[in-house]
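J.: Pasting the sequence and the predicted coordinates here, then a few questions.
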Amino acid sequence: MPDEMSSPIQDSSNAAYVRFNVSASRVQGAGAAALSALMVISCWGRWSAMLAVGLIQGLVVVFNVLLVNERLLREWGIVRAELLRTVVNVATGLIANHISQWPLASWLFLPYVALVFDHFNSRVAYGVLVSHCAFNAALAVHDGVAWRIPAAFSALAVFCCAMSRVRYDAIRAMAIDADMQRREAEAAHEQLVTTESKLRQAQKLEAVGRLASGVAHEINTPVQFVSDSVTFVAEGVESVLRVLAAYHAKAPGVEELETELDIPFIAKELPGAVSLAREGLDRVATIVRSMRHLAHPDRAEMELGDINHAITMATTLAASECRPVADVETDLGDVPNVLCFVGEIGQVVLNLVVNAAQALASAPKKPSRGKITISSRATASSVVITVGDNGPGIPSAIQERIFEPFFTTKDVGKGTGQGLALAHATIAKHHGALTFETGPRGTTFRIEIPRSQSAQAA
């Protein structure tokens with residue numbers, strides 16, 4: 001029986017002790033009731049004694065099972081409740097044994113009590129056992145029972161107590177071992193989650209670094225024609241202002257100045273230059289938004305995300321990788337928002353598109369022009385994204401390994417082997433599936449994200 005203490009571990013042990021007593025009370029109560037019934041039967045013919053013993057033993061069983069186990073252990077604390085149980089059991093046992101004139105059933109209570117001992121607090125447990133045996137032996141000898149009987153059953157009680165001690169130590173060792181294994185598993189799981197998060201961030205940084213030069217080129221092109229257009233607009237505006245000033249002053253030779261500055265050409269080309277500048281700025285803004293979308297960390301919890309928007313951002317960032325080797329075609333259907341980490345879904349699509357472009361670039365027999373197709377569709381149960389190419393396909397020898405961490409067919413320094421592994425782990429985290437079909441005419445990866453929780457979130 002444990003001491004009353006206040007540390008979290010000890011409080012947990014106390015609660016476990018109470019739960020054990022409540023769960024075991026039926027079995028222990030059944031054993032006590034059986035011994036009590038034997039004592040009542042042993043008084044057969046002595047009806048007053050039979051009634052008294054039956055009443056005493058019934059009250060004791062109810063006291064132990066319903067009062068101590070169900071209530072006092074929680075309200076009083078373990079030590080006080082168990083000490084009260086000991087006092088009541090010993091006192092009522094002595095009275096019942098005296099009335100029943102010490103039948104065999106009265107002595108069987110000693111080894112039974114010793115056998116169901118716990119040893120959370122050995123000092124209290126042994127004190128209970130010694131006092132129980134001593135009081136029984138003293139009163140029995142006083143009532144005329146031969147000393148051999150209390151001595152024999154006291155020795156049997158000591159033996160049963162030793163057996164319960166061994167049993168308790170074994171159970172406690174298993175419980176400690178199980179708790180250590182649980183803690184180790186939790187620590188390993190936390191380490192795995194941390195490592196996976198670091199790998200995902202490393203993969204994201206790797207993707208950003210790999211695409212940085214291509215993105216710089218993508219930005220440079222619209223910036224260049226924006227600059228040219230703005231220069232033309234500035235020169236044209238200056239010429240128009242000069243003509244307007246001449247008209248305002250009604251100076252002679254305005255028509256010659258208008259012809260000299262080629263005002264009709266400027267008037268014709270100026271709207272187009274402004275439109276071209278706006279287009280270039282829109283392209284720069286799109287590229288920058290895509291970079292921010294990729295680099296921005298996801299929220300701590302899933303939220304309803306636009307899958308088509310994530311696909312568009314990914315294809316924008318992958319344009320520099322794809323343009324030299326393949327044309328990219330998108331076929332985005334009318335799909336609902338899905339409960340997900342939308343940034344991670346975009347990262348998965350980006351990895352698959354870049355992998356497709358690199359597969360086309362490294363193919364020994366390249367097609368005349370590669371083709372990468374990206375589509376999205378909604379089914380009754382999920383949103384499906386496919387990324388396909390018309391490359392040579394994945395060799396059968398490595399098809400079972402492409403989702404393994406650190407497995408890569410690229411040259412040293414050109415890949416970490418984390419892209420597909422993290423993509424597979426990301427989709428699994430969304431309770432979805434990432435599969436592929438491959439052959440000599442190309443490879444298609446298929447992403448399925450369930451919609452079951454999305455409708456509830458909406």
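T.: Alright, I've got the coordinates. Numbering: from 1, shown residues only.
J.: where does the stretch 351-458 of the chain have low pLDDT?
T.: Low-confidence regions of the stretch 351-458 of the chain, defined by pLDDT under 70, span residues 365-367, 406-407, 409-418, 453-458.
J.: can you map out the strands along it?
T.: In the stretch 351-458 of the chain, the strands defined using DSSP state E, counting those that start in this stretch lie at 370-378, 382-389, 433-439, 442-450.
J.: for the last one, the distance to its chain's centre please.
T.: Centroid separation for strand 442-450 versus its chain: 24 Å, with C-alpha atoms, centre = their mean, to the nearest Å.
J.: same check, this time on the shortest one
T.: If you compare the mean C-alpha spot of strand 433-439 with that of the full chain, they lie 26 Å apart, counting by C-alpha atoms, centre = their mean.
J.: Please export the alpha-carbon coordinates of it; PDB is fine.
T.: Output of strand 433-439 as PDB, limited to C-alpha atoms (Å, rounded to 0.1, in the frame of the first residue of the first chain):
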ATOM      1  CA  ALA A 433      -2.200   8.100 -51.700                       C
ATOM      2  CA  LEU A 434       0.700   8.800 -54.100                       C
ATOM      3  CA  THR A 435       1.000   6.200 -56.800                       C
ATOM      4  CA  PHE A 436       2.400   6.000 -60.300                       C
ATOM      5  CA  GLU A 437       2.000   4.200 -63.600                       C
ATOM      6  CA  THR A 438       5.000   3.900 -65.900                       C
ATOM      7  CA  GLY A 439       5.900   2.400 -69.200                       C
END
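J.: tell me the SS of the residue of the chain positioned farthest from its centre?
T.: Note on the chain: the largest separation between a C-alpha and the mean C-alpha position, by C-alpha atoms, centre = their mean, falls on Pro252 (83.5 Å). For Pro252, the reduced secondary structure class is coil; criterion used: DSSP: H, G, I helix; E, B strand; the rest coil.
J.: how close does it get to Ala246?
T.: Taking C-beta to C-beta, to the nearest Å as the measure, Pro252 and Ala246 are separated by 9 Å. (Glycine included, C-beta is placed from N, CA and C.)
J.: Select the helix or strand of this structure having the lowest average pLDDT value.
T.: For the chain, the helix or strand with the lowest mean confidence is helix 452-457, at a mean of 54 (criterion: mean pLDDT, DSSP states H and E).
J.: ok, how many other residues are close to the nearest residue to Cys161 once chain neighbours are set aside?
T.: By the measure of C-beta to C-beta, 6 or more residues apart in numbering, the closest residue to Cys161 outside its immediate chain neighbours is Ala114, 4.1 Å from it. Close neighbours of Ala114, defined as other C-beta atoms under 10 Å, add up to 25.
J.: Quick check: Ala114 is in a strand.
T.: No. Counting by three-state DSSP, Ala114 is not part of a strand but helix.
J.: shouldn't it be in contact with Leu129?
T.: Yes. Ala114 is in contact with Leu129 according to C-beta atoms under 8 Å; the separation is 5.7 Å.
J.: rewinding a little: next up, the contacts around the residue nearest to Cys161.
T.: Ala114 makes contact with 129, 157-158, 160-161, 164 under the criterion C-beta atoms under 8 Å, 6 or more residues apart in numbering.
J.: try it again with 6 Å
T.: Ala114 makes contact with 129, 157, 160-161, according to C-beta atoms under 6 Å, 6 or more residues apart in numbering.
J.: Kindly report the same for Ala318.
T.: By C-beta under 6 Å, 6+ apart, the residues touching Ala318 are 350, 353-354.
J.: Just give me the closest of those to Ala37.
T.: Minimum separation from Ala37 among the contacts of Ala318 (C-beta to C-beta) is found for Leu350, which lies at 77.0 Å.
J.: quick one: pLDDT of the closest residue to that closest one other than its chain neighbours?
T.: For Leu350, the nearest residue in space outside its immediate sequence neighbours is Ala314; the separation is 4.0 Å by C-beta to C-beta, 6+ apart. Predicted confidence (pLDDT) at Ala314: the value is 84.
J.: who are the neighbours in contact with Ala314?
T.: For Ala314, the residues meeting the contact criterion (C-beta under 6 Å, 6+ apart) are 346, 349-350.
J.: For it, what is the enclosing helix or strand?
T.: Taking DSSP states H and E as the criterion, the element that holds Ala314 is helix 307-317.
J.: counting contacts, what elements does the helix or strand just after that helix pack onto?
T.: Reading on from helix 307-317 to the C-terminus, the next helix or strand found by DSSP H and E is helix 319-322. When contacts are defined as 3 or more C-beta pairs under 6 Å, 6 or more residues apart in numbering; DSSP states H and E, helix 319-322 sits against helix 148-249, helix 342-362.
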